[in-house]
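Engineer: curious how this folds, go ahead:
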Amino acid sequence: MTIEWRYTTRRDLGVLSLAGYLGAEATDRFTGAIGWALARGTGPVILDLTGLLGWSAGGQIAVAQAARRLAGSGRRLELAAIPADGSLVPDATSPPVPVHCDLAAALAAHGAHGTGGRRTTDGRPAPRAPEAPALT
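Structural biologist: The predicted model follows:
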């Protein structure tokens, strides 16, 4: 099993939503999603894990590496709705990673409201619909 992802831009932040299982076989896809977020947004990146079924130790390491990569670009990674099967335990080389109980709390911490500028993985604006676009 691998992950699907969707990146949404909001004023001065981005939301990277994951679904599936973040295991060793999904880390390359996750790293690519982080690259997408770096290239197309500004400010912190909220990693929305609401749709994540779980993550392996390798997946947790990939998240810690993403936090370092974003910090190297002057941005911060924040987590929303971590899986119940564990939490990210950063080591001494990792930047602080704020953890929010859910996406709404993460957005509220930034004063962000509304749907923002949803984008598909090819960068085109997502069609407006009552439901969120399918994860990619």
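Engineer: in terms of helices and strands, where is the residue nearest to Pro95 when sequence neighbours are not counted?
Structural biologist: Nearest residue to Pro95 in three dimensions, chain neighbours excluded: Ala71, at 4.2 Å (C-beta to C-beta, 6 or more residues apart in numbering). Where C-beta positions appear, they are placed from N, C-alpha and C, glycine not excepted. Secondary structure from DSSP states H and E places Ala71 in helix 57-72.
Engineer: who are the packing partners of that helix?
Structural biologist: strand 13-22, helix 27-40, strand 45-55, strand 77-80 (3 or more C-beta pairs under 8 Å, 6 or more residues apart in numbering; DSSP states H and E).
Engineer: reformat the ones you listed as a markdown table; add mean neighbour count and distance to Ala92.
Structural biologist: What follows is these, written out as a markdown table (neighbours: other C-beta atoms under 10 Å; distance: least, C-beta to C-beta, whole Å):
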| stretch | mean neighbour count | distance to Ala92 |
| --- | --- | --- |
| strand 13-22 | 22 | 23 |
| helix 27-40 | 17 | 21 |
| strand 45-55 | 21 | 21 |
| strand 77-80 | 22 | 17 |
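Engineer: so which of the ones you listed is nearest Ala66?
Structural biologist: Of all the helices and strands packed on helix 57-72, helix 27-40 sits nearest to Ala66, with 4.6 Å by C-beta to C-beta.
Engineer: what packs against that closest one?
Structural biologist: Against helix 27-40 (3+ C-beta pairs under 8 Å, 6+ apart) you get strand 3-10, strand 13-22, helix 57-72.
Engineer: could you list the residues in contact with it?
Structural biologist: Applying C-beta atoms under 8 Å, 6 or more residues apart in numbering, the contact partners of helix 27-40 are 2-3, 5, 7, 9, 14, 16, 18, 22, 45, 58-59, 61-63, 65-66, 69-70, 73, 75, 119, 121, 123.
Engineer: give me the buried entries from these.
Structural biologist: Those of the contacts of helix 27-40 that meet the buried threshold are 3, 5, 7, 9, 14, 16, 18, 22, 45, 59, 62-63, 66, 69-70, 75, 119, 121, by 16 or more other C-beta atoms under 10 Å.
Engineer: returning to what we had before: run the chain-centre distance for the helix holding Ala71.
Structural biologist: 11 Å (C-alpha atoms, centre = their mean, to the nearest Å).
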